[in-house]
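J.: Whatever this is, show me its structure:
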Amino acid sequence: MAALLRMSAEERSTGRTAEEAFASMPSRHGETFPFVLDDLCAMTGVGTVLADDFRTRPAEVAPLLAWPEQAAFLLPTGEFRRRALTERYSDPDRARANWGTADHRKALEIRLARDRYWDQEIRAEAAELGMQVVDIDGSASPDAIAEDLAARFRLS
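T.: Have a look, this model is predicted:
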C-alpha cells in the first residue's frame, strides 16, 4: 500500500500494465482486510450486517465462517462493470480526482483489465474453498439481491 501511495495518480492509473496493477493490489497481499474487520467488529449490537467490499478475498473470509455458504462474492459481469465505470468516470472532475491528468480512456481500460484478473482469482479461490460467487449484471434491484443473499445465508 505504501508503494502505491508514493506514486502519482498518473503512475497508478496508466504507468503500469494491468498485470502490474493487479500484482500490486494491496488486497492481494492481505493489507486491506484488517480494516474491514475493524469496521465490522465496531458494529456491535446492530443485528445482521451485510458487508460488500471489493477488496475482500475468500481465503480471508473462510476462517471466520461456520459454514462456507455464509459468504458470497458478488462479481459484476464484464459488461456491467464497463457500463458502471464508464458512467462513474464520465464526470471529468471525478476522473481527474482518481486518475490525475492521465489518458482517462487508457486508465479505464487498464482498470477493467486489472479487475478481470481480480475476478478470475476470486472465482478460483471461492471454488477451491466451496464458497459462492454471485454474478451481478445490473438486471436485479439491490432489494432483490439482498433477498437472494438472505435466503443463501439462511436469514429468512
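
J.: From now on I want contacts and neighbour counts done on CA atoms only, so please keep to that.
T.: OK.

J.: Please work out how many residues are found near residue 83.
T.: 12 (other Cα atoms under 10 Å).

J.: secondary structure class for it?
T.: helix (DSSP: H, G, I helix; E, B strand; the rest coil).

J.: Show me which positions of the longest helix seen in the chain end up buried.
T.: The longest helix of the chain (DSSP state H) is helix 104-129. Neighbour counts over helix 104-129 (16 or more other Cα atoms under 10 Å) mark 104, 107-116, 118-119, 122-123, 126 as buried.

J.: how close does the spatially most central residue of the chain sit to residue 76?
T.: The centroid of the chain falls nearest to residue 54 when counting by Cα atoms, centre = their mean (1.7 Å). Residue 54 sits 10 Å away from residue 76, going by Cα to Cα, to the nearest Å.

J.: before we move on, what about residue 150?
T.: Taking Cα to Cα, one finds residue 150 at 19 Å from residue 76.

J.: and if you look at residue 109?
T.: Counting by Cα to Cα, the gap from residue 109 to residue 76 is 16 Å.

J.: and if you look at residue 126?
T.: 15 Å.

J.: Could you do residue 62 as well?
T.: Residue 62 sits 21 Å away from residue 76, going by Cα to Cα.

J.: re earlier: phi, psi for the residue nearest to the centre of the chain please.
T.: phi -60, psi -30 (degrees, to the nearest 10).
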